[in-house]
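Peer 1: Pasting a predicted model and its sequence here:
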Amino acid sequence: MREIHDESVQLVVTSPPYYNAPFDYPNLFKDYDEFLRLIDDLSRDLYRVLAPGRVACFVTDDMLVKGEKYPVVADITRLILDAGFRYRDRIVWVKPKGYVRISRRSGVVIQHPYPMYYYPDNIQESILIFQKGRFDYSHLQELDPKSLRESKISIDDYHNQEWYLTVWNITNVLPLGGRLEKGIAAFPEEIPKRLIKLFSYFGETVLDPFLGSGTTMKVAQELGRSSWGYEIDLELKKIIKKKLNFNHSSDSRLIFIDGRDARKLRSSFQRKVETKSP
Ligand SMILES: C[S@@+](CC[C@H](N)C(=O)[O-])C[C@H]1O[C@@H](n2cnc3c(N)ncnc32)[C@H](O)[C@@H]1O
């Protein structure tokens, strides 16, 4: 992230690759330690580039891989705190009840209605919110009237859509064939939309270090924020450009990690997932 100057980003919104998720990233990481090292390295970069008082949001979840449950939420929290951030909040993102994709484990009790067979189906993820120190609200006096006006949060949305709760009910992006986001584990636009409106001002800069299909940059552009996006999978270049409507404005910068670390992931994962499905 050498391209980004120290303390020049006002908000991070991201969703790291789901650790070796069977449906999206099978065997992306050699092991769990390799995944944690990626987050650990990133946490120091994020601390450097984020402006004082500002916020970094991670959309993530614990992961069930080959019968083992990995405590991703707890481990990411620990690593980000160790990098110097404060723990500000955790929002639970709840998906519709009918949506269970990762595993349908709850049926075990129906087959064996006895204690110790309980494995609930998962319909939530965490939105972890960290902060670099405390925000200095006197900055607001320096903002020009247009930026202040454009940054105003709609109290109707805040109430009617229940942004004020620690539980957000939001429909996920369905992994349907033909969708731009197929095989990417994209989050719905509503998540970056809320986070960008709640934690950044008009004209400021938002960073997504795991850009995927480009959702964060798209929403940032729509809301008048500049953005940085990083992606390792060269196969996503076309998808991101399409999602941004080829409207790659001069104040959004898309960086593909090249050289040794660049990958071609999407189609190889899809082949693996498809050959495993019943
Ligand atoms: C969960 S997806 C992000 C999805 C995104 N939020 C969206 O809405 O489309 C994680 C992304 O991180 C990418 N990735 C994995 N390792 C990376 C790395 N070291 N640097 C940058 N991107 C990486 C994956 O290729 C994947 O596209």
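Peer 2: Looks like it arrived, so ask away. Keep in mind that what you see is a predicted model, and the values were worked out from it rather than measured.
Peer 1: hang on, Ile255 packs against Gly229?
Peer 2: Yes. The pair Ile255 / Gly229 is scored as a contact, 7.0 Å apart, by CB atoms under 8 Å. Every C-beta, even on glycine, is put in place using the N, C-alpha and C of the backbone.
Peer 1: neighbour-wise, which of these two wins?
Peer 2: Gly229 (25 against 14; other CB atoms under 10 Å).
Peer 1: And for the nearest residue to the more buried one once chain neighbours are set aside, the neighbour number?
Peer 2: In space, and not counting its chain neighbours, Gly229 is closest to Leu211: 3.7 Å by CB to CB, 6 or more residues apart in numbering. Residues lying near Leu211 (other CB under 10 Å) number 26.
Peer 1: Pretty sure Leu211 sits against Tyr230.
Peer 2: Yes. Applying CB under 8 Å as the test, Leu211 and Tyr230 come out as touching, 5.9 Å apart.
Peer 1: Show me what residue of the stretch 151-278 of the chain gets nearest to the ligand.
Peer 2: Residue nearest to the ligand within the stretch 151-278 of the chain: Gly212 (2.4 Å; CB to the nearest ligand atom).
Peer 1: That residue contacts Lys182, correct?
Peer 2: No. Gly212 lies out of contact with Lys182 (CB under 8 Å); the separation is 11.6 Å.
Peer 1: Of the two, give the one with the bigger neighbour count.
Peer 2: Gly212 (24 against 16).
Peer 1: which ones are touching the more buried one?
Peer 2: Contact analysis of Gly212 by CB atoms under 8 Å, 6 or more residues apart in numbering lists 15, 181, 184-186, 231, 236.
Peer 1: List phi and psi for Thr216.
Peer 2: phi -60, psi -40 (degrees, to the nearest 10).
Peer 1: residues contacting it?
Peer 2: Thr216 is in contact with 13-14, 192, 206, 208, 227, 229, counting by CB under 8 Å, 6+ apart.
Peer 1: Now flag whichever of those is closest to Leu50.
Peer 2: Val206 (10.9 Å; CB to CB).
Peer 1: Phi first, then psi, for that closest one.
Peer 2: Backbone torsions of Val206, given as degrees, to the nearest 10, read phi -110, psi 140.
Peer 1: Check whether it really touches Ile4, as I assumed.
Peer 2: No. The criterion here is CB under 8 Å, and Val206 misses it with Ile4 at 11.8 Å.
Peer 1: Now do the shared contacts for these two.
Peer 2: Between them, Val206 and Ile4 have Trp228 as joint contacts when contacts are counted by CB under 8 Å, 6+ apart.
Peer 1: more neighbours, these two?
Peer 2: Each of Val206 and Ile4 has its neighbours counted (other CB under 10 Å); Val206 has more, 27 against 20.
Peer 1: Spatially nearest residue to Arg48 (excluding sequence neighbours)?
Peer 2: Counting by CB to CB, 6+ apart, Arg48 lies nearest to Asp6, which is 5.6 Å off, once chain neighbours are set aside.
Peer 1: go on, Arg253?
Peer 2: According to CB to CB, 6+ apart, the nearest residue to Arg253 is Trp228 (5.2 Å).
Peer 1: Doesn't the one you found lie inside a strand?
Peer 2: Yes. Under DSSP: H, G, I helix; E, B strand; the rest coil, Trp228 sits within a strand.
Peer 1: That one is in contact with Thr205, isn't it?
Peer 2: Yes. Assessed by CB under 8 Å, Trp228 is found in contact with Thr205 at 6.8 Å.
Peer 1: intersection of neighbour lists for those two?
Peer 2: Taking CB under 8 Å, 6+ apart as the contact rule, Trp228 and Thr205 both touch Val9.
Peer 1: The two: which is more packed in?
Peer 2: Applying other CB under 10 Å to Trp228 and Thr205 shows that Trp228 carries more neighbours, namely 25 against 21.
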